[in-house]
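A.B. asks: fold the following and give me the result.
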Amino acid sequence: MQLSGKRAVVTGSNSGIGLGIARELARAGAAVVINSFTDSAEDHALAAEIAADTGSDVRYIQADMSKPADCRALIETAGGCDILINNAGIQHVAKIEEFPADKWDAIIAINLSSAFHTTAAALPGMYAAGWGRVINIASAHGLTASPYKAAYIAAKHGVVGLTKTTALEAAGKGITANAICPGYVLTPIVEKQIPDQMKTHGMDRETVIKQVMLARQPSGEFATVEQMGGTAVFLCSDAAAQITGTTISVDGGWTAL
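C.D. replies: Here you go, the predicted model:
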């Protein structure tokens, strides 16, 4: 329970990587706020389920990460935070010349600008406490590029740059800022893509995973949401107090190529 007494906010965390991180922070003893743009009974039940499983205080706060005011209000409603995990993100795939302007704007807003707004709202409290952890979920695509993902790649590169600036401004104040850069992670969204990929390529499940989905991931294996959570917990620990302004790749060797 190394994070007992710490408060964490995890954006975009009612599923996938964000949910995995929220669970691991709660297991480590942190009080956790999970978040998404919806506000359903299922969202609040999910928070209650994590609380029951971990014994930590877990609650759900609705906020639309495409809206700057909502981003800042999330931190205020949470009562500030010691640990901020900027995870919210969306994706769209298209050629640059065909990329819809509204999709570009939405991806930049949710994947990049939201991290700026939540960080700006959280830092004063961290400065006052003399301790804080800002962890931005970037991507292997924050360090490399692929075609047809212009907005996502631009946003994730921006997240890496924002992380470095946050680290420099907060240096010497007990606060670290780092970016986790996942490769392919086996989330419910990725799991749902597998049958379509099997049909498109005429391959069985194992072959489409190895030869199509994980073609750029040398380990040939998906990362897991639990591994993302474990990495986040480590970055919050005293052992990582001098790790700041950097990227931690959890990508099976993708960015080593």
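A.B. asks: tell me the contacts of the nearest residue to residue 182 once chain neighbours are set aside?
C.D. replies: Sequence neighbours aside, residue 250 is the residue nearest to residue 182 in space, at 5.1 Å (criterion: CB to CB, 6 or more residues apart in numbering). No exception for glycine: its C-beta is placed from N, CA and C like everyone else's. Applying CB atoms under 8 Å, 6 or more residues apart in numbering to residue 250 gives the contacts 180, 181, 182, 183, 223, 227, 228, 231.
A.B. asks: is it true that the third one touches residue 18?
C.D. replies: It stands for residue 182. No: the criterion here is CB atoms under 8 Å, and residue 182 misses it with residue 18 at 11.5 Å.
A.B. asks: that older thread, which of the contacts of residue 250 lies closest to residue 71?
C.D. replies: Closest to residue 71 out of the contacts of residue 250 is residue 180 (19.6 Å), distances taken as CB to CB.
A.B. asks: what is the neighbour count of the closest one?
C.D. replies: Counted by other CB atoms under 10 Å, the residues lying close to residue 180 total 25.
A.B. asks: quick check, it in a strand?
C.D. replies: Yes: assigned with DSSP: H, G, I helix; E, B strand; the rest coil, residue 180 falls within a strand.
A.B. asks: still on that earlier bit, could you name every residue contacting both of residue 182 and residue 18?
C.D. replies: Here residue 182 and residue 18 have residue 137 as joint contacts, going by CB under 8 Å, 6+ apart.
A.B. asks: secondary structure class for residue 217?
C.D. replies: Once three-state DSSP is applied, residue 217 turns out coil.
A.B. asks: that one contacts residue 255, correct?
C.D. replies: No: Residue 217 is beyond contact range of residue 255, at 10.0 Å (criterion: CB under 8 Å).
A.B. asks: what do those two both touch?
C.D. replies: Listed as contacting both residue 217 and residue 255 by CB under 8 Å, 6+ apart are residue 183.
A.B. asks: between these two, tell me which one has more neighbours.
C.D. replies: Under the criterion of other CB under 10 Å, the comparison of residue 217 against residue 255 puts residue 217 first, with 20 against 16.
A.B. asks: give me the buried positions along the strand or helix carrying residue 230.
C.D. replies: Residue 230 belongs to helix 225-236 when assigned by DSSP states H and E. Within helix 225-236, the residues scored as buried using 16 or more other CB atoms under 10 Å are 225, 227, 228, 229, 230, 231, 232, 233, 235, 236.
A.B. asks: how close does the third one get to residue 64?
C.D. replies: The gap separating residue 228 from residue 64 is 23 Å, by CB to CB, to the nearest Å.
A.B. asks: still on that earlier bit, list just the nearest of the buried residues of helix 225-236 to residue 133.
C.D. replies: Closest approach between the buried residues of helix 225-236 and residue 133, by CB to CB: residue 236, at 4.7 Å.
A.B. asks: from residue 179, how far off is that closest one?
C.D. replies: According to CB to CB, residue 236 stands 14 Å off from residue 179.
A.B. asks: residues in contact with stretch 161-180: which ones?
C.D. replies: Applying CB under 8 Å, 6+ apart, the external contacts of stretch 161-180 come out as 112, 115-116, 119, 123, 126-127, 129-138, 142, 159-160, 228, 231-232, 235, 240-241, 243-248, 250.
A.B. asks: average pLDDT for that stretch?
C.D. replies: Stretch 161-180 shows an average pLDDT of 98 in the prediction.
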